[in-house]
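S.K.: I'd like to go over a predicted model; first the sequence, then the structure.
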Amino acid sequence: MPMESVGAGARRDERPHNVLSESAARAADRAARALDQWLTARPGRLEELQDYYRELLATSRLLQLQDYELEAAAYLIGTFDPSATRIVEAGPGVGLLSGVLAGAGFEVVSIEYDNARYEGLKVVAEAVNHLPSAGTLVPVSGWFPSCLAPFMITSGKRNVLLMTNVVSSRVTSQQNNILHAAVRFDDLIMDLGRFGIKRKGAPQKTLREQLGQYFVERGIVWNSGSHLLIHYGVPAILTSSPPPPELAEEKRVADLIEAKAAAALTAVLNQQRDVIVRIGSGHGGLCCTFASSRFSVLPWQRTVGFVSDIVEAFSGRNQDRILRALLSFDLAVLDISRFGVRRELAAEKHEFFGMLTAKYFEPGSLLYRQDSREYWMLKPRSIVAVP
């Protein structure tokens with residue numbers, strides 16, 4: 001959705017420093033106080049948030065927005081129309097910036113994979129969502145872009161991806177996947193000084209040159225040396241572009257296996273009655289296959305939860321939580337060789353399958369097998385309570 005106020009001529013020095021709207025400032029205060037109550041309610045909670053937040057609270061009684069976050073909030077509020085914009089923040093931590101943006105009237109989806117920080121994010125959402133003139137803050141527990149879902153991007157609004165201070169070895173290893181997912185948005189605001197690793201000087205310049213191959217710079221949001229926030233526009237031609245070359249072979253193999261599994265699944269389901277919900281979008285190959293099969297969502301349909309290739313620390317830590325969520329579906333399809341951890345040996349898969357059928361599912365049928373990959377169709381046990 002085009003918007004006249006967004007343009008390449010936006011300049012950092014034409015905007016006042018750290019100016020928030022009254023509603024955003026109110027949300028910042030409400031969120032900070034709610035987090036303070038949450039942190040003090042149980043001993044040890046602060047330690048679970050790791051060093052970053054402990055260092056912040058060593059110099060301030062309440063968690064507060066840092067300068068780069070204030071500048072990002074002021075820029076977003078001054079540049080975009082809250083009623084016509086949806087913001088997805090990847091890696092929000094406890095969500096103070098997301099809360100401020102929601103308080104300013106934006107629709108905000110915040111994706112956080114760390115359990116402790118996600119609990120804080122939920123506290124912020126509860127604190128700001130009922131404020132007068134607030135938009136909405138939707139907390140999502142997961143990893144971007146694997147949990148990116150269709151509802152997070154809307155054709156009726158301008159879609160902005162926000163990433164600030166996401167320093168993590170996992171971000172570094174997934175950099176290409178993240179950037180490829182970013183082209184699905186209209187705008188990207190990223191902190192080049194805190195993307196995967198900390199960068200200053202030449203490393204920042206190198207990353208900036210790389211991003212220039214995919215995106216168009218709209219303006220500098222904030223530059224303190226250690227933090228360099230840049231607003232990028234996404235050219236329309238990139239929204240359907242192929243992934244970066246270095247991902248081509250990896251994507252081809254993954255899509256081939258998943259496409260064959262999808263074909264096996266669509267062959268046994270009723271296209272008029274059944275709908276698949278993809279959990280962990282991965283490369284998106286399955287989503288495309290199911291979409292081309294013309295599955296539609298209707299109240300009387302049978303739902304099928306499909307989990308494929310979610311090998312990550314989050315899935316491993318939250319295995320019981322994910323499996324219990326699958327109990328809400330009529331059927332579940334799992335790649336037992338790629339759930340939480342890789343299982344290459346037959347004995348490993350046999351042990352995991354035994355646990356699944358003993359606790360969560362009725363014994364099912366093998367849907368598809370290739371090399372070490374195994375997709376099983378299972379029926380949830382009704383005796384296990386869904387949280």
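M.R.: Now that the structure is in, tell me what you want to look at. Not measured: the values here are computed from a predicted model. Numbering: from 1, shown residues only.
S.K.: Wait, residue 31 touches residue 129, no?
M.R.: No: if you go by C-beta atoms under 8 Å, residue 31 and residue 129 don't touch, sitting 10.7 Å apart. Yep, even glycine has a C-beta here, placed from its N, CA and C like the rest.
S.K.: Of these two, which one has the most company?
M.R.: residue 31 (32 against 16; other C-beta atoms under 10 Å).
S.K.: Report pLDDT for the more buried one.
M.R.: For residue 31, the pLDDT comes out at 92.
S.K.: What residues does it make contact with?
M.R.: 95, 96, 99, 100, 103, 124, 127, 128 (C-beta atoms under 8 Å, 6 or more residues apart in numbering).
S.K.: now swap in residue 111 and tell me
M.R.: Contacts of residue 111 by C-beta under 8 Å, 6+ apart are 88, 89, 90, 91, 92, 140, 142, 143, 144, 147, 148.
S.K.: Which strand or helix spans it?
M.R.: Using DSSP states H and E, residue 111 falls within strand 107-112.
S.K.: quick one: strands adjacent to that strand?
M.R.: The strands beside strand 107-112 in its sheet (DSSP bridges) come out as strand 85-90 (parallel), strand 136-141 (parallel).
S.K.: Other residues contacting the first one?
M.R.: Contacts with strand 85-90, where a contact means C-beta under 8 Å, 6+ apart, come from 76, 95, 97-98, 101, 106-111, 144-145, 148, 152-154, 157-164, 166, 178, 185.
S.K.: now do 7 Å
M.R.: Identification of contacts with strand 85-90 by C-beta atoms under 7 Å, 6 or more residues apart in numbering yields 76, 97-98, 101, 106-111, 144, 152, 154, 157-163, 166.
S.K.: how much distance is there from it to the middle of the chain?
M.R.: Relative to its chain's centre, strand 85-90 lies at 10 Å (C-alpha atoms, centre = their mean, to the nearest Å).
S.K.: Can you name the secondary structure element that comes next after that strand?
M.R.: Sequence-wise, the next helix or strand beyond strand 85-90 is helix 96-103, with elements assigned using DSSP H and E.
S.K.: I'd like to know how far residue 144 sits from residue 111.
M.R.: According to C-beta to C-beta, to the nearest Å, residue 144 and residue 111 sit 5 Å apart.
S.K.: How about residue 198?
M.R.: Separation of residue 198 from residue 111 (C-beta to C-beta): 22 Å.
S.K.: Next: residue 374.
M.R.: 29 Å.
S.K.: can you check residue 143 too?
M.R.: 7 Å.
S.K.: so is residue 263 in a helix, a strand, or just coil?
M.R.: helix (DSSP: H, G, I helix; E, B strand; the rest coil).
S.K.: neighbours of it, just the number please.
M.R.: Considering only other C-beta under 10 Å, residue 263 is surrounded by 12 other residues.
S.K.: now residue 176
M.R.: Residue 176: 16 surrounding residues under other C-beta under 10 Å.
S.K.: For it, grab phi and psi.
M.R.: Dihedral pair for residue 176: phi -70, psi -40, per degrees, to the nearest 10.
S.K.: Equivalent analysis for residue 104, please.
M.R.: phi -80, psi 0.
S.K.: Also residue 150?
M.R.: Dihedral angles of residue 150 (phi, psi; degrees, to the nearest 10) stand at phi -50, psi -40.
S.K.: distance of it from residue 310?
M.R.: 18 Å.
S.K.: What is the nearest of the contacts of residue 31 to residue 20?
M.R.: Residue 20 has its nearest neighbour among the contacts of residue 31 in residue 100, at 6.7 Å by C-beta to C-beta.
S.K.: my read: that closest one touches residue 22, true?
M.R.: No: using C-beta atoms under 7 Å, residue 100 makes no contact with residue 22, being 11.9 Å away.
S.K.: Comparing those two, which residue is more hemmed in?
M.R.: Each of residue 100 and residue 22 has its neighbours counted (other C-beta under 10 Å); residue 100 has more, 34 against 10.
S.K.: who does the longest strand belonging to the chain pair up with?
M.R.: Ranked by number of residues, the top strand in the chain under DSSP state E is strand 361-370. Looking at strand 361-370 with DSSP bridges, its partner strands are strand 373-380 (antiparallel).
S.K.: any idea of the mean pLDDT for stretch 79-96?
M.R.: Averaging pLDDT along stretch 79-96 gives 94.
S.K.: Check stretch 345-360 too.
M.R.: The model assigns stretch 345-360 a mean pLDDT of 91.
S.K.: same question, stretch 322-333
M.R.: Rounded mean pLDDT across stretch 322-333 is 83.
S.K.: for it, the distance to its chain's centre please.
M.R.: 21 Å.
S.K.: Please enumerate residues in contact with it?
M.R.: Contacts for stretch 322-333 (C-beta under 7 Å, 6+ apart): 265, 277, 302-306, 315, 360-361, 367, 375-380, 384, 386-387.
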